[in-house]
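[1] structure for this input, please:
(2 chains)
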There are 2 protein chains.
Amino acid sequence: MPKPQIDFFYFFGSGYAYLPVMRIDEVAERAGVEVRWRPFSVRTLMRENNIGLRNQPGKMRYIWRDIERRAKWHGIPFVRSPIWPTDPDELANRVAIVAFAEGWGRDYTKASFRSWYLDGQPLGEPSALNQVLSSLGRDPAEVVAKANSDETHAVYAAETEAARQLGIFGSPTFVAGGEVFWGDDRLEEALAWAKGEHPARGEGQE
Amino acid sequence: MPKPQIDFFYFFGSGYAYLPVMRIDEVAERAGVEVRWRPFSVRTLMRENNIGLRNQPGKMRYIWRDIERRAKWHGIPFVRSPIWPTDPDELANRVAIVAFAEGWGRDYTKASFRSWYLDGQPLGEPSALNQVLSSLGRDPAEVVAKANSDETHAVYAAETEAARQLGIFGSPTFVAGGEVFWGDDRLEEALAWAKGEHPARGEGQE
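    Numbers count the residues shown, from 1 in each chain, chains lettered A, B, ... in the order given. The predicted structure is shown next:
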């Protein structure tokens, strides 16, 4: 029997995505569930849905504090609220498309979030990106050229469209058997769903 | 030593408030924490913060499905997504101000949410409200007159102002020792905070 699977949709630049990036491998491994990592442009979908966070300073203050508490709650390191908003051209995201196509996407994702959250670097800026890529033994110029190619733009747009079709509107989001779970705090439910162990499973979406 | 305490801010008409309304007494009792129930106008604060959900049908579809799943997850009954939006004059909320002043606020809150969620009644409409109040042995006309008084309006506005001052922007929200936790899924953290058992406690809010 194939392992149950979930899709993990996330965005480089999403504060909350830090939590599953840091814990999903271990938690999913323990649950016996495989994870497909799928970076997409939540910024595009949030803009379309008019859910901008940039003009909600009170809510953003809450969000950073909540992430800090949740990080401690999970035993994940937290040093400071990272630079935000960030990744203006979504270059850090498009590099992930290249990295996953070449098989080093998870390492890149984790190194990138660590650089942003723990080292306080500006995500998506050349200085930070070059450092992350070099630390992984990659040639920054070569990788960035691929990230800027039409092909990469097209794959990134297609992943974003796939997220839109699923009804996704935020990051991180987990999808298990067509069922959508939004937020790191729903990860355990998504895993249970994938394994057929969620008490609401089989009741049909309204 | 006095029991640790949390404040429970919620709105009649908030879909997610159903979950803590149904489970907070048992969970808090088990944790040895006292709960102060504080209805307030989240609608006013959401309007100010421009976080309207009425124009986000995709997100609302997700929210009802999420509440359904979370209800099953907690073993709370769920029959259908309730009528929404509802309580156009916030009368169901203002009745709660009267009910808490007279000592029957919790019973009223639970009966009201059950009527809305389980019986499919239109929250805040006279027909539904009269039924709820009668089932509690209250005189609907008398209670509604008090709920429409200047004094009740003023208390309700003051509670909403207190929520605003705390930085609250959504319902339900729990407050423990000045620390704000938004969402039913943060209830366990809020209780841990109240008891001094949260791993992030003592690190100071940013």
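
[2] A:P122 contacts A:A128, correct?
    Yes: between A:P122 and A:A128 there is a contact under Cβ atoms under 8 Å: 5.3 Å. From N, CA and C alone the C-beta is placed, and that goes for glycine too.

[3] need the overlap of contacts for these two.
    A:W116 (Cβ atoms under 8 Å, 6 or more residues apart in numbering or on different chains).

[4] who's more crowded, these two?
    Neighbour count, other Cβ atoms under 10 Å in any protein chain shown: between A:P122 and A:A128, A:A128 has more, with 21 against 18.

[5] and that one, what element?
    Assigned by DSSP states H and E, A:A128 falls within helix A:126-135.

[6] near chain B, which residues of chain A?
    Listed as neighbours of chain B in chain A under the rule Cβ under 8 Å from any Cβ of the partner chain: A:49-51, A:55-56, A:58-59, A:61-62, A:64-66, A:68-69, A:71-73, A:75, A:81, A:167, A:169, A:180-183, A:185-186, A:189, A:198-200, A:203, A:205-206.

[7] separate out the buried members of those residues.
    Among these, those scoring as buried are A:49, A:56, A:62, A:64-66, A:68-69, A:71-73, A:81, A:167, A:169, A:180-183, A:185-186, A:189, A:198, A:200 (criterion: 16 or more other Cβ atoms under 10 Å in any protein chain shown).

[8] which residues touch the helix holding A:A128?
    A:91-92, A:95, A:108, A:111-112, A:115-116, A:121-122, A:139-140, A:143-144.

[9] filter these down to the buried ones.
    Judged by 16+ other Cβ under 10 Å, buried ones among the contacts of helix A:126-135: A:91-92, A:95, A:108, A:111-112, A:115-116, A:121-122, A:140, A:143-144.

[10] can you pull the contacts of A:I6?
    A:I6 sits in contact with A:28, A:33-36, A:174-176, A:190-191, A:193-194, where contact means Cβ under 8 Å, 6+ apart.

[11] now it. Nearest residue, chain neighbours left out?
    Nearest residue to A:I6, sequence neighbours excluded (Cβ to Cβ, 6 or more residues apart in numbering or on different chains): A:A176, at 4.5 Å.

[12] check A:R138 too.
    A:W104 (7.5 Å).

[13] now the helices: where do they sit in chain A?
    Counting by DSSP state H, chain A has helices at residues A:18-31, A:42-48, A:57-74, A:91-102, A:105-117, A:126-135, A:140-147, A:150-166, A:187-194.

[14] least trustworthy helix or strand in chain A by mean pLDDT?
    Ranked by mean pLDDT, DSSP states H and E, the weakest helix or strand in chain A is helix A:42-48, scoring a mean of 87.

[15] so the residue nearest to A:A28 when sequence neighbours are not counted versus chain B, what's the distance?
    Sequence neighbours aside, A:V35 is the residue nearest to A:A28 in space, at 4.9 Å (criterion: Cβ to Cβ, 6+ apart). Counting by Cβ to the nearest Cβ, to the nearest Å, the gap from A:V35 to chain B is 20 Å.

[16] then A:W37?
    Per Cβ to the nearest Cβ, A:W37 is found 21 Å from chain B.

[17] contact partners for that residue?
    Here A:W37 is in contact with A:8, A:10, A:100, A:105-106, A:109 (criterion: Cβ under 8 Å, 6+ apart).

[18] just the residues you listed now: which is nearest B:E159?
    The nearest member of the contacts of A:W37 to B:E159, counting by Cβ to Cβ, is A:Y10 at 37.5 Å.

[19] surely the closest one touches A:S171?
    Yes: using Cβ under 8 Å, A:Y10 makes contact with A:S171 at a distance of 5.1 Å.

[20] what do these two both touch?
    Common neighbours of A:Y10 and A:S171 (criterion: Cβ under 8 Å, 6+ apart): A:17, A:40, A:42.

[21] which among the residues you listed end up buried?
    In those, the ones that pass as buried (16+ other Cβ under 10 Å) are A:17, A:40, A:42.

[22] next, count neighbours for A:W104.
    So A:W104, with other Cβ under 10 Å, has 18 neighbours.

[23] for the one 5 residues further on, same thing?
    A count of nearby residues for A:T109, using other Cβ under 10 Å, gives 23.

[24] list the contacts for it?
    A:10, A:12, A:21, A:37, A:39, A:96, A:99 are the contacts of A:T109 under Cβ under 8 Å, 6+ apart.

[25] who wins for neighbours among these?
    Highest count within the contacts of A:T109 by other Cβ under 10 Å belongs to A:P39, 30 neighbours.

[26] verify the stated contact: it with A:E159.
    Yes: counting by Cβ under 8 Å, A:P39 touches A:E159, with 6.8 Å between them.
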